[in-house]
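Student: sequence first, predicted model second:
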Amino acid sequence: MLTSLFLCGALGVLLVPVRSQLISVCIEEDEDLRVDCRIKPKPNKITSYEFSWSSGTKESLINTNVSGSAAEVQFRDKSEVVELDPYGYRMTLKGFTNTLPHNTTYMCKISGQVQNINLEKEQLQPCSAVSQFLKTSWSWIVPLLIFLYHTHC
């Protein structure tokens, strides 16, 4: 009983810092680049978004709904953004996976809140459900819970 209590306490302490990624980047089956941005918007504010990337010192705006801003010409008809449930946006970019820079910082901004992730081209994973699940920091919890269940039941 004391061992179970200790293990549950240790698990509780480990779970405190766990949170899922707010931005993820992957390659879809049709070779399109997908960027998911799951920043929770601020209440009572019009939700705006911007998707961009940078390589070296140059930042390129890919898609935005911010008044007065415009995507770079090379991206205008190549990207689209859809809203995610319960919040966030997904940007899909067509025709650029073969010409991606080696080391790229992908950025999204929702209502002024910015998230970014730096990836090398070789680190881009397919957008399968399994690979997305394994990317989240929650993925190790299920095996741990199964282990605890089997050792104490």
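Tutor: Happy to help now that I have it. Numbers count the residues shown, from 1 in each chain.

Student: tell me where the model's unsure across this structure.
Tutor: By pLDDT under 70, the weakly predicted segments of the chain are 1-20, 129-150, 152-153.

Student: all strands in it, in order from the N-terminus.
Tutor: 23-27, 33-37, 49-55, 58-64, 79-83, 89-93, 103-110, 113-120, 125-126 (DSSP state E).

Student: of those strands, which is nearest Val73?
Tutor: strand 58-64 (10.4 Å; CB to CB). Yep, even glycine has a C-beta here, placed from its N, CA and C like the rest.

Student: gap between that closest one and the chain center?
Tutor: 17 Å (CA atoms, centre = their mean, to the nearest Å).

Student: now swap in stretch 99-110 and tell me
Tutor: 12 Å.

Student: residues in contact with the residue nearest to Glu72 when sequence neighbours are not counted?
Tutor: Spatially, and ignoring its direct neighbours in sequence, Glu72 is nearest to Ser60 (5.3 Å; CB to CB, 6 or more residues apart in numbering). Ser60 makes contact with Ser52, Trp53, Ser54, Glu72, Gln74, Phe75, according to CB atoms under 8 Å, 6 or more residues apart in numbering.
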